[in-house]
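S.K.: below are the sequence and a predicted model for it; my questions follow.
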Amino acid sequence: MKQLQEEFQAYHINQRKKSRNSTSQALKHRARVPMAIPDVPDEIFYKELCFIKHEDEIIEARVFIMSSKEIDVVSVDEFDPRRALGLWHILATNLDMWKTKLAPTITYSIHDELPDGRIRINDLVEYYTKRLFAGFAPASIKGIDTQSANKPSRFQWRGNGLLKLFTSDFGIIFVDNETPASQPYQWIGTMFSSTLFTHAGVDLMTQYLTQKQELHDEQIRIASENGTLQTCDCCCDDQLLDDDMISCDNNHRFCQTCIRNYIETGFITNGECFFTCLNPTCKYEYSTSLMNQLLAPTLFSRLLIKIQQEELRLANIQNFEQCRYCTFGTIIDDPHERVFRCLNQECLKETCRACGEPNHIPLRCDEVEKKDELDMRTFIENRVSEAMIRVCYKCKQRFYKLEGCNKMTCACGASMCYVCRQPIKGYEHFNNNDKCGANMDAIKLHQEEMRLAYEEAKKVYVERHPETRDLVLKYDPQQHIDGKPPKDTRKPKRRRR
């Protein structure tokens, strides 16, 4: 492998010398990494970043070490596929398929967008191979990556031509979110699932950003000389190009960043789906086509569903109902249908049409505890249960008894009184003691403790939640403490004539 790397370095340097007179070709090679992919152990994934500025001068090198067992911990939950567009260099890997490839790169570009908002990406792999008596020859593999419906950072690759028979799954497992502006690159990590031809593995890829930034800076310089720089009235940034600005139908102009942040914050935080112009005096709304241009495909697809459901609700369609847990809505003509069944694959909840609680058939609505009742009852029951539990002062073992002597000896050897819960050494504690008897009825003792705990717990809960002061519990724990049968709070049935 080392010999192959040295041969390719010599070949690559020679190729660059031939193209010195061509500025475009020199820029093309500027971020090329003249090195073979290093061998990487499976357990410890070693990643080395190297960049070339002029000829063989290395201007940046960083080393990252990460256990492959920690990949799931740092996987990307929300990922904008547009961040993956462009030319990427594979710098390190533990996949066998790259071990014989030299200077491999992957270029991603948008192929199309599916009706459900997912996107498909063109996947072009380019690399060099050593051929007998032919030196190093370029080669390429083309494919299409289809975004997963469940996770935006997961894709399925399928080859073109004869390679259509083969598929593989991969995903973005970590993204360089903290790249400072001074660094000329960004990097991501991808993980491939195992196939018939290769085991699972990880790639580290990097993208050179200096050319993009240099082009943008040059455009800013020219616009400054021509006096055509734009200023955003929201963030007051005065170093903007005309392409950085967006206007509403009333020609109020703001930068893309401000409008994007405004829409994302309103939708994610407040659940809004219609957005008027940032100018407070303007009543025009930003169009869905503009929001599609600004937002990530996954976020826009969610926003579009919200817009559609909201428009249906505002249309006041007869018998139209909406899920209480998501934006799904449907028309239910049958008045005797008691349950609303959500068909949104990410929700699929069933709710009672009358009271809005989760499906409680065969119980009637008045037999079902509401959430505030359930929370209050659970709080009181936990406090009541804790009231009859004893804790060993030495080993912290928890216990209670139903009958027997009140001198309790723990497995650790510690002794304590069951009534007052204090440490004792012998039976002298129970002599001439009106409070602590050696053979008191444990059932009556527990009832008194639970009754006091019930009153204290209810008082504490009402102080924390004043809105529950007049709340009547359908299943009051006090009924079980006093040994009384539960009170029937149901409405009487009407007699049939």
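M.R.: On my side now, so go ahead.
S.K.: run a quick neighbour tally on the nearest residue to Phe274 once chain neighbours are set aside.
M.R.: Here the nearest residue to Phe274 in space, its sequence neighbours aside, is Glu285; by Cβ to Cβ, 6 or more residues apart in numbering that works out to 5.7 Å. (C-beta placed from N, C-alpha, C; glycine too.) The burial metric for Glu285, expressed as a neighbour count using other Cβ atoms under 10 Å, is 14.
S.K.: for Leu452, what are phi and psi?
M.R.: Its backbone dihedrals place Leu452 at phi -60, psi -40, with angles given as degrees, to the nearest 10.
S.K.: contacts only, for the closest residue in space to it that isn't next to it in sequence.
M.R.: The shortest distance from Leu452 to any residue other than its chain neighbours is 7.1 Å, reached at Ala387 (Cβ to Cβ, 6+ apart). The neighbourhood of Ala387, defined by Cβ atoms under 8 Å, 6 or more residues apart in numbering, consists of 449-450, 452-453.
S.K.: quick check: Asp80 touching Pro152?
M.R.: Yes. Taking Cβ atoms under 8 Å as the definition, Asp80 is a contact partner of Pro152 at 7.4 Å.
S.K.: give me the more crowded residue out of those two.
M.R.: With other Cβ under 10 Å as the criterion, Asp80 and Pro152 differ in neighbour count, and Pro152 comes out ahead with 24 against 16.
S.K.: looks like the more buried one contacts Arg82 (just checking).
M.R.: No. No contact is recorded between Pro152 and Arg82 when judged using Cβ under 8 Å, the distance being 10.8 Å.
S.K.: ok, and the closest non-adjacent residue to Asn160?
M.R.: Excluding its sequence neighbours, the residue lying closest to Asn160 (Cβ to Cβ, 6+ apart) is Lys142, at 4.4 Å.
S.K.: ok so that neighbour is a helix residue?
M.R.: No. With DSSP: H, G, I helix; E, B strand; the rest coil as the criterion, Lys142 is located in strand rather than a helix.
S.K.: what about it, how many residues close to it?
M.R.: Should you count by other Cβ under 10 Å, Lys142 turns out to have 14 residues around it.
S.K.: Asp372 too?
M.R.: 13.
S.K.: from Ile332, how far out is the residue nearest to it when sequence neighbours are not counted?
M.R.: The spatially closest residue to Asp372, leaving aside those adjacent along the chain, is Thr468, at 6.0 Å (Cβ to Cβ, 6+ apart). Separation of Thr468 from Ile332 (Cβ to Cβ, to the nearest Å) stands at 33 Å.
S.K.: before we move on, back to that, now the two most distant members of the contacts of Ala387.
M.R.: Pairwise distances across those peak at 7.4 Å for Met450 and Leu452 (criterion: Cβ to Cβ).
S.K.: more neighbours, these two?
M.R.: More crowded of Met450 and Leu452, by other Cβ under 10 Å: Met450, with 23 against 12.
S.K.: lowest-confidence helix or strand of the chain?
M.R.: Using mean pLDDT, DSSP states H and E, the weakest-scoring helix or strand in the chain turns out to be helix 23-30, at a mean of 31.
S.K.: give me the low-pLDDT residue ranges for the stretch 151-300 of the chain?
M.R.: Where the stretch 151-300 of the chain drops to pLDDT under 70, the residues are 162, 164, 174-186, 196-198, 208-215, 297.
S.K.: how about the strands of it, start to end?
M.R.: Per DSSP state E, counting those that start in this stretch, the stretch 151-300 of the chain carries strands over the ranges 154-159, 167-175, 185-192, 201-208, 245-247, 253-255.
S.K.: list the buried residues for the last one?
M.R.: Looking back up the chat, that one is strand 253-255. Neighbour-count burial for strand 253-255 flags 253-255 (criterion: 16 or more other Cβ atoms under 10 Å).
S.K.: please enumerate residues in contact with it?
M.R.: Taking contacts as Cβ under 8 Å, 6+ apart, the residues outside strand 253-255 that touch it are 230, 232-235, 237, 240, 244-247, 278.
S.K.: would you map out the domains in this structure?
M.R.: Each domain of the chain is listed here as a residue range: 2-208, 225-313, 318-368, 369-481, per automatic domain parsing.
S.K.: quick one, what contacts Ser193?
M.R.: Residues counted as contacts of Ser193 (Cβ under 8 Å, 6+ apart) are 168-170, 200.
S.K.: ugh, wrong one, Ser140
M.R.: With contacts defined as Cβ under 8 Å, 6+ apart, the neighbours of Ser140 are 124-127.
S.K.: of all those residues, which two lie farthest apart?
M.R.: Farthest apart among the contacts of Ser140 by Cβ to Cβ are Leu124 and Tyr127. That separation is 10.9 Å.
S.K.: the more surrounded of the two?
M.R.: When Leu124 is set against Tyr127 and neighbours are counted by other Cβ under 10 Å, the residue ahead is Tyr127, at 19 against 15.
S.K.: distance check, Cys323 against Asn432.
M.R.: Cys323 is 69 Å from Asn432, by Cβ to Cβ.
S.K.: of these two, which one has the most company?
M.R.: Comparing Cys323 with Asn432 by neighbour count (other Cβ under 10 Å), the higher total belongs to Cys323, at 20 against 5.
S.K.: touching, that one and Thr351? I think so.
M.R.: Yes. Counting by Cβ under 8 Å, a contact exists between Cys323 and Thr351, whose distance comes to 7.2 Å.
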